[in-house]
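[1] model the structure of this input:
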Amino acid sequence: MNQPNNATLSQIHVAPAHAEDSKVARSEVPAGAWFMLVVLTAIFVLSFIDRSSLSLVVKPIKQQFGVSDFQMSLLLGASFVLFYSTVSIPAGYLVDRLSRRGVIGWAVFAWSAMTVLCGLAKNYAQLFVCRAGIGIGEAALQPAAYSMIRDAFPPDRRGRAFGIYQMGPMVGVGFSLFVGGWLLKLSEGGAISGVPWLGSLQPWQFVVVVPGLVGLPLAALMLALREPARVSAKQGAAGGWAAYREALRYVGREWRLYAPLWAAATLYAMAISGFNAWAPTVVAQTWQVPLSNVGRTLGPLMMVAVPLGLFIFGLVMDRLSKKGRRAAPLEVAMKAVVVACIATIGMGFVGTPFAAAVLYLFHAFFASPVPSSAGATMAQITPGRLMGRLTSVFFLVQNLLGLALGPTMATLLARLYGDDPQALRYGIVTLYCLCTGIAAFMYAITARRVRNRSFE
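    A predicted model of the protein is given here:
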């Protein structure tokens, strides 16, 4: 991706994106935009509950289907992410051409149905296919949501808006642990034995099926929303697949900005997917804690730490942005992730579950602004006419090289510790700290380049 005409970075002009930004910034954010953001965030949370519900029931699934840790890592990562990533490209095309609320609404219906089918799978192959179906359905959410948020909020509100939206991943994982632990306890205790159909499910199936059923009313709510006007509608963007070529040419011209930003986001995705996929299993193995108790402990900790962190760090990002700090989201994230890494290292060596829980709280709090900083920066440097397609390309890279590989990389790094009974514990800590350390360095590079740009 070489720059044409040997142009320097400071000479690259991206005024179209910011000319439209200035137009948005002159008006107040309507109440409908905040309600839209709440609905999108709820759907994002649901998407992570659906995709993360298996992490709490790894042990019973392994026992029923007779699969190894490596096969389970493929189920947790690759089965979902490969299709989630590749389908995001045509999804981005649809987002820039069709009703974004319609794309999201029908996608929620589709992936919720596939989640229910996951709980009804009779073997490993069927479960693998259904997990792929969830990935296909969820592929449309991110490009559409990013595009809608970008058009609904001015630049000095986007740090907060993307911060709220980015509660989805970790709050969703937290909900999946907490609600999953509660559902697991209900089912194991026989509390639902008299409920038609649901009472006939095994405990792990019940944990997976219920979140899928919850998605149906959320899909209907999304279809009833009024989406924001496309700010960039008059900019004459290329139509059809030619817009992807335009988007990729833009990235080629701006590679000094996009390359380190995308690398950092991808490494963080690898770190967090590997950590979250195996954390419940590691806690249960290390301290001999029932899985239902693990979920009901880790879930609330994450649900408290992540929203609080996103709210506080989002306010800091917006305040610094108002003072002219163009790289504020990146500056905040790269400092916070260092603290999160230190807390994670501590989790690898503490000897009590209470100490691990305290460190987990710090880990979740300080890691929270990392995803939102990438989203806010993407919105800052990307013209609105390209936001849907370019976001889909961004997530293709992030997911294929990050989310898909995270759970498997954790198991491979665990092998470095041989037959140590804590090998998996050390593996997920090593993966997290290695990836986030490099990501912080990449964010620093991106921040310096953003500061040296003249955005009008």
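[2] just the helices in the stretch 101-250 of the chain please.
    In the stretch 101-250 of the chain, helices defined by DSSP state H, counting those that start in this stretch lie at 124-138, 141-152, 155-165, 167-188, 203-224, 242-253, listed in chain order.
[3] those helices: which one's closest to residue 427?
    Comparing the helices of the stretch 101-250 of the chain by their distance to residue 427 (CB to CB), the top pick is helix 167-188, with 18.7 Å. From N, CA and C alone the C-beta is placed, and that goes for glycine too.
[4] pull out the buried residues from the closest one.
    Of the residues in helix 167-188, those scored as buried under the neighbour-count criterion (16 or more other CB atoms under 10 Å) are 167-181, 183-187.
[5] any low-confidence regions in the stretch 51-200 of the chain?
    Of all residues in the stretch 51-200 of the chain, those with pLDDT under 70 make up the ranges 170.
[6] okay if I get the helices of the stretch 101-250 of the chain as a markdown table plus distance to residue 452?
    A markdown table is the format used below for these (distance: least, CB to CB, whole Å):
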| stretch | distance to residue 452 |
| --- | --- |
| helix 124-138 | 36 |
| helix 141-152 | 23 |
| helix 155-165 | 18 |
| helix 167-188 | 31 |
| helix 203-224 | 40 |
| helix 242-253 | 16 |
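[7] buried deepest among those helices, which one?
    Mean neighbour counts were taken over the helices of the stretch 101-250 of the chain using mean count of other CB atoms under 10 Å, and the top value, a mean of 27, falls to helix 141-152.
[8] run through the neighbouring helices and strands of it.
    Counting by 3 or more CB pairs under 8 Å, 6 or more residues apart in numbering; DSSP states H and E, the packing neighbours recorded for helix 141-152 are helix 31-52, helix 88-95, helix 100-119, helix 155-165, helix 369-381, helix 387-398.
[9] of all the ones you listed, which one is nearest residue 311?
    Each of the helices and strands packed on helix 141-152 was scored for nearness to residue 311 using CB to CB, and the closest is helix 155-165 (6.9 Å).
[10] now stretch 118-138, how far from the centre of its chain.
    The gap between the average C-alpha position of stretch 118-138 and the chain average comes to 20 Å, counting by CA atoms, centre = their mean, to the nearest Å.
[11] which residues touch the closest residue to residue 326 other than its chain neighbours?
    Sequence neighbours aside, residue 450 is the residue nearest to residue 326 in space, at 5.3 Å (criterion: CB to CB, 6 or more residues apart in numbering). The contact partners of residue 450, taken as CB atoms under 8 Å, 6 or more residues apart in numbering, are 257, 326, 327, 330, 377, 380, 381.
[12] from residue 190, how far off is the fourth one?
    The reference is to residue 330. Taking CB to CB, to the nearest Å as the measure, residue 330 and residue 190 are separated by 51 Å.
[13] before we move on, what about the fifth one?
    According to CB to CB, residue 377 and residue 190 sit 50 Å apart.
[14] the two: who's more crowded?
    The neighbour comparison of residue 377 against residue 190 (other CB atoms under 10 Å) goes to residue 377, with 28 against 9.
[15] surely that one and residue 328 touch.
    No: checked against CB atoms under 8 Å, the pair residue 377 and residue 328 is beyond contact range at 9.6 Å.
[16] how about the helices of the stretch 101-250 of the chain, which one is nearest residue 282?
    Go through the helices of the stretch 101-250 of the chain one by one with CB to CB and the one that ends up closest to residue 282 is helix 167-188, at 12.9 Å.
[17] distance between that closest one and the chain's centre?
    Helix 167-188 has its average C-alpha position 16 Å from the chain's average C-alpha position, going by CA atoms, centre = their mean.
[18] need the contact list for the spatially most central residue of the chain.
    When the chain is reduced to its mean C-alpha position, the nearest residue by CA atoms, centre = their mean turns out to be residue 169, at 4.4 Å. Contacts for residue 169 (CB under 8 Å, 6+ apart) come out as 44, 48, 272, 371.
[19] and these, which is closest to residue 214?
    Relative to residue 214, the closest of the contacts of residue 169 is residue 48; by CB to CB it sits at 12.7 Å.
[20] ignoring the adjacent residues along the chain, who's closest to that closest one?
    Residue nearest to residue 48 in three dimensions, not counting chain neighbours: residue 172, with 2.5 Å by CB to CB, 6+ apart.
[21] does the one you found really touch residue 46, like I thought?
    Yes: A contact is recorded between residue 172 and residue 46 when judged using CB under 8 Å, the distance being 7.0 Å.
[22] what's near enough to touch the spatially closest residue to residue 367 that is not a sequence neighbour?
    Counting by CB to CB, 6+ apart, the nearest residue to residue 367 once its immediate chain neighbours are dropped is residue 340, at 4.0 Å. For residue 340, the residues meeting the contact criterion (CB under 8 Å, 6+ apart) are 362, 363, 365, 366, 367, 370, 436.
[23] now those residues in JSON lines, with pLDDT, distance to residue 418 and secondary structure?
    As requested, these are arranged in JSON lines below (pLDDT from 0 to 100; distance: CB to CB, whole Å; DSSP: H, G, I helix; E, B strand; the rest coil):
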{"residue": "362", "pLDDT": "95", "distance to residue 418": "29", "secondary structure": "helix"}
{"residue": "363", "pLDDT": "94", "distance to residue 418": "26", "secondary structure": "helix"}
{"residue": "365", "pLDDT": "94", "distance to residue 418": "33", "secondary structure": "helix"}
{"residue": "366", "pLDDT": "95", "distance to residue 418": "31", "secondary structure": "helix"}
{"residue": "367", "pLDDT": "90", "distance to residue 418": "29", "secondary structure": "helix"}
{"residue": "370", "pLDDT": "87", "distance to residue 418": "32", "secondary structure": "helix"}
{"residue": "436", "pLDDT": "94", "distance to residue 418": "25", "secondary structure": "helix"}
